[in-house]
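Engineer: Got a predicted structure here, sequence first:
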Amino acid sequence: MREITYSEALREAIWQKMKEDKKVIMIGEEIGQGYAGVFGVSKGLYDEFGPKRIIDTPIAENSIMGAAIGASLLGFKPIVEIMFADFIAVCFDGVLNQAAKVRFMSNNQYSLNLVVRLPGGEGSGTGPHHSQCLESLFMAIPGLKIANPSNAYDAKGLLSSAIEMDDPVLFFEHKKLYKTKGNVPENPYKIEFGKANIAKAGKDITLVALSYMVSVALSAAEELYDKYAIDVEVIDPRTLVPLDTGTIAESVKKTSRLAVLEESYERGGIGSEIGSIICQNYMDALDCPIKKIASKNVPIPMPPSLCGEVIPDKDRVVEEIKGMF
């Protein structure tokens with residue numbers, strides 16, 4: 001099987017869907033001729049599909065979201081690229097009060113085929129306005145689906161599924177993943193939302209890791225086994241809404257310990273939600289308190305050296321997991 005980058009996998013999913021269905025369009029800032037998006041995901045698409053389907057917009061996120069919602073209501077399948085995930089704050093009303101509620105408020109008369117691609121996470125010195133992982137903010141909003149693929153294979157399969165959904169999907173892509181490579185089939189395929197992947201089997205502790213943190217978790221798991229004989233099971237949820245609680249629960253029943261690793265902030269984070277679900281339903285399976293490993297509750301600094309003090313890395317994960325035994 002050929003090896004391609006995460007960004008190439010995303011582009012291939014978009015290209016295949018655009019070839020298959022003329023109603024699939026792409027809307028965003030600087031995604032057209034010449035620049036092809038700040039991370040190059042739309043490279044070549046403008047030349048093939050033209051300005052009517054690759055719609056290059058002004059810097060106006062609120063208008064971009066409104067246009068995409070309207071296009072979807074008319075039967076199109078827009079893929080919105082928000083240049084940085086942080087900028088979704090500018091169009092928050094469109095997400096919270098419009099896209100998420102169309103199906104409910106119309107009594108299922110209308111639904112939205114709408115994907116919002118959101119490059120997030122710390123990118124080696126991109127600062128507090130361009131570095132946040134915001135998935136946890138949107139888990140609380142009914143009506144949205146949330147995906148955060150951790151590798152190129154999942155990126156293509158999940159995006160292909162997202163484009164065909166009748167509900168709005170927030171598709172979070174960590175900036176540090178764009179250049180990573182993985183084995184990806186050339187033919188179209190889909191990955192079902194709500195089906196977690198066991199990235200590494202283990203018997204001593206369950207470590208749920210999200211997006212880029214899956215690679216951090218795997219690296220920490222290797223060291224924990226080699227140095228301390230702690231066998232970590234690493235679970236990649238792939239999607240947060242829907243969340244595959246069944247796979248997480250079965251793992252916890254086996255290992256009796258749970259930690260959640262994320263780049264979102266610790267306060268009100270995804271670890272709190274997963275931990276609450278496990279405590280409410282599987283408390284008897286736990287031998288010790290659940291551990292949340294997340295970014296500290298401060299804005300992401302500009303200097304990379306300070307980012308390491310805020311965002312979890314391999315060494316911190318190793319120390320936190322060791323402390324649970």
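Structural biologist: Sure, I can see it.
Engineer: CA only for contacts and neighbour counts going forward, please
Structural biologist: OK.
Engineer: which other residues reach stretch 85-98?
Structural biologist: 61-63, 65-66, 69, 82, 117-120, 129-134, 141, 172 (C-alpha atoms under 8 Å, 6 or more residues apart in numbering).
Engineer: Ends of that stretch, what's the gap?
Structural biologist: 19 Å (C-alpha to C-alpha, to the nearest Å).
Engineer: need the helix or strand of the protein with the lowest average pLDDT.
Structural biologist: helix 304-310 (a mean of 87; mean pLDDT, DSSP states H and E).
Engineer: Show me which residues of that one are buried.
Structural biologist: 307, 310 (16 or more other C-alpha atoms under 10 Å).
Engineer: which non-adjacent residue is nearest residue 202?
Structural biologist: residue 233 (3.9 Å; C-alpha to C-alpha, 6 or more residues apart in numbering).
Engineer: Number of residues surrounding the one you found?
Structural biologist: 24 (other C-alpha atoms under 10 Å).
Engineer: Residue 135 too?
Structural biologist: Residue 135: 24 neighbours (other C-alpha under 10 Å).
Engineer: That one and residue 263: what is the separation?
Structural biologist: Distance, residue 135 to residue 263, by C-alpha to C-alpha: 10 Å.
Engineer: again, but for residue 315
Structural biologist: For residue 315, the distance to residue 263 equals 15 Å [C-alpha to C-alpha].
Engineer: So for the two, which sits in the more crowded spot?
Structural biologist: Counted by other C-alpha under 10 Å, residue 315 and residue 263 do not tie: residue 263 has more neighbours, with 28 against 12.
Engineer: Check the secondary structure at the more buried one for me.
Structural biologist: strand (DSSP: H, G, I helix; E, B strand; the rest coil).
Engineer: Correct me if wrong: it contacts residue 131.
Structural biologist: No - taking contacts as C-alpha atoms under 8 Å, residue 263 lies outside contact range of residue 131: 10.1 Å.
Engineer: Spit out the residues that contact those two alike.
Structural biologist: By C-alpha under 8 Å, 6+ apart, the residues touching both residue 263 and residue 131 are residue 121.
Engineer: Tell me the predicted confidence for the residue most central in space within the chain.
Structural biologist: Nearest residue to the geometric centre of the chain (C-alpha atoms, centre = their mean): residue 148, 1.7 Å. At residue 148, the model reports a pLDDT of 97.
Engineer: Need the phi and psi values for it.
Structural biologist: The phi/psi pair for residue 148 (degrees, to the nearest 10) reads phi -150, psi 80.
Engineer: does the closest residue to it other than its chain neighbours count as helix, strand or coil?
Structural biologist: Nearest non-adjacent residue to residue 148, counting by C-alpha to C-alpha, 6+ apart: residue 172, 4.8 Å away. Secondary structure state of residue 172, per three-state DSSP, is strand.
Engineer: and residue 172, bridged to which residues?
Structural biologist: Legend: beta-bridge partners of residue 172 under DSSP bridges are residue 118.
Engineer: Roughly how far does it sit from residue 276?
Structural biologist: 23 Å.
Engineer: Counting neighbours, go ahead and name the busier of these two.
Structural biologist: residue 172 (25 against 14).
Engineer: how near is that one to residue 178?
Structural biologist: Distance of residue 172 to residue 178, computed by C-alpha to C-alpha: 12 Å.
Engineer: can you check residue 16 too?
Structural biologist: Remark: distance between residue 16 and residue 178 (C-alpha to C-alpha) = 19 Å.
Engineer: which one of those two has more residues nearby?
Structural biologist: Between residue 16 and residue 178, residue 178 has the larger neighbour count (other C-alpha under 10 Å), namely 20 against 14.
Engineer: That one touches residue 4, doesn't it?
Structural biologist: No - assessed by C-alpha under 8 Å, residue 178 is found out of contact with residue 4, at 10.3 Å.
Engineer: excluding its backbone neighbours, what's nearest residue 307?
Structural biologist: Nearest to residue 307 is residue 301, by C-alpha to C-alpha, 6+ apart, at 5.7 Å.
Engineer: wait, what's in contact with the one you found?
Structural biologist: Counted by C-alpha under 8 Å, 6+ apart, residue 301 has contacts 125, 127, 128, 307.
Engineer: what do you get if the cut-off is 6 Å, keeping everything else the same?
Structural biologist: 127, 128, 307 (C-alpha atoms under 6 Å, 6 or more residues apart in numbering).
Engineer: doesn't the second one fall inside a strand?
Structural biologist: This points to residue 128. No - Residue 128: not assigned to a strand; according to three-state DSSP it is coil.
Engineer: quick revisit: contacts for the least confident helix or strand of the chain next, please.
Structural biologist: With contacts defined as C-alpha under 6 Å, 6+ apart, helix 304-310 is touched by 124, 125, 295, 296, 301.
Engineer: Where strands are concerned, which of those count?
Structural biologist: residue 295 (DSSP state E).
Engineer: Dump the contacts of helix 304-310 to a markdown table, plus pLDDT and distance to residue 253.
Structural biologist: Below are those laid out as a markdown table (pLDDT from 0 to 100; distance: C-alpha to C-alpha, whole Å):
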| residue | pLDDT | distance to residue 253 |
| --- | --- | --- |
| 124 | 74 | 38 |
| 125 | 75 | 40 |
| 295 | 95 | 27 |
| 296 | 94 | 29 |
| 301 | 90 | 38 |
